[in-house]
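# turn this into a model:
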Amino acid sequence: PLEAAVRVGAAAGAVAAVADRHNRAIAMRNLEIAFPEKDLGARRAILLDAYRNFGRMAAEWVHFFDLDSANIERYVTYDGRENWDEAIRLSAGRGILVLTGHFGNFELLSVGHSLHGNPIAIVQRPNRNPVIDRAVAARRLQQGNLTISRKGAGREVLRLLRQNWMVAVPLDLDVRHGIFVDFFSMKASTSDALARLAIATRAPVLPAFMVREGTSTRHRITILPPIVAHRSADRAEALQRYTQQFTTIFESMVRRYPDHWNWIHRRWKTRPPGEPRFY
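I've put the predicted structure just below:
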């Protein structure tokens, strides 16, 4: 049963935290960047909780096909629905761009949203393992969701926005050719695609993240106030400003729920010119 599986998953995650030496070293470096004020013990505690959360996510992922419109309310509800209503008003039929990331049970975000009757399109980077990629896609495509390959996604995103879709764009990955914005205490190379799309289409950007209630199987799709990006005479400055604003929102969620983020990702891998890499 799902509740028991989640407890087993958390225990397995704790074992993985001990065994996964390579990724643990990356995560501890990231935690040092993010929380320089915390001592070593506090950072280790965050990482252990993050691994436990990975285990819970894996257990829930196995059970995704057991979820349906009749039982989804037991596991996924909304927090901040008034912000979504405001985004619909601001959109005026131009669609909605969703600012999100690999935070909490991010795979459940699209599944839960669609089972509540709200299919969504997700910009993604396909998994290099085709078997895993097919398994992930099968769950993401439940109940009418769509996936969009990140490479060359712009045209498809514009088409879907014209059809008044919600399109989710994760903004927490290192990109080789991005713009540098502040993320915690260090510059991070970040995609400006969300800012470009928001400025070009005037579709509101709605921040939405999956937050687990304690260690339970219950989650809240947490929706923050929407942002409307405006054109500026200095386009480069506008892209920098909005990408920074979106990144700051994501950082605020990680600060509130540090065990919800993927600390093993090499988020600060790409460095500004002249700075050495450190992973």
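
# which strand in this protein runs the most residues?
strand 205-212 (DSSP state E).

# list the helices and strands it packs on?
helix 81-91, strand 96-100, helix 106-115, strand 219-223, helix 235-256 (3 or more C-beta pairs under 8 Å, 6 or more residues apart in numbering; DSSP states H and E). Placement of C-beta: from N, CA and C, glycine included.

# next one: the third one to chain centre, how far?
Chain-centre distance of helix 106-115: 12 Å, with C-alpha atoms, centre = their mean, to the nearest Å.

# sheet partners, orientation included, of the helix or strand following it?
For helix 106-115, the following helix or strand on the C-terminal side (DSSP states H and E) is strand 121-124. Here strand 121-124 is paired, per DSSP bridges, with strand 146-149 (parallel), strand 166-170 (parallel).

# to residue 77, which of those strands lies closest?
strand 166-170 (17.8 Å; C-beta to C-beta).

# re the thing from before, chain center to the longest strand of the chain, what's the gap?
8 Å.

# for the record, mean pLDDT for it?
The average pLDDT within strand 205-212 is 98.

# restricting to C-alpha, output that strand in CSV.
C-alpha atoms of strand 205-212 as CSV (Å, rounded to 0.1, in the frame of the first residue of the first chain):
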residue,chain,number,x,y,z
VAL,A,205,4.0,33.6,-15.2
LEU,A,206,2.5,31.5,-12.3
PRO,A,207,4.9,30.0,-9.8
ALA,A,208,3.7,26.6,-8.7
PHE,A,209,5.5,24.0,-6.5
MET,A,210,4.6,20.7,-4.9
VAL,A,211,5.0,20.8,-1.1
ARG,A,212,4.7,17.6,1.0
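
# which residue is nearest the centroid of the protein?
residue 101 (1.3 Å; C-alpha atoms, centre = their mean).

# on that earlier part again, go through the strands paired with strand 121-124 and find the least confident stretch.
Looking at the strands paired with strand 121-124, the bottom one is strand 146-149 with a mean of 90.

# mind listing what's buried in that strand?
For strand 146-149, a neighbour-count test (16 or more other C-beta atoms under 10 Å) marks 146, 147, 148 as buried.

# tell me what the helix or strand following it is packed against?
Note on strand 146-149: by DSSP H and E, the next helix or strand toward the C-terminus is helix 154-162. With contacts taken as 3+ C-beta pairs under 8 Å, 6+ apart, helix 154-162 sits against strand 121-124, strand 146-149, strand 166-170, helix 193-201.
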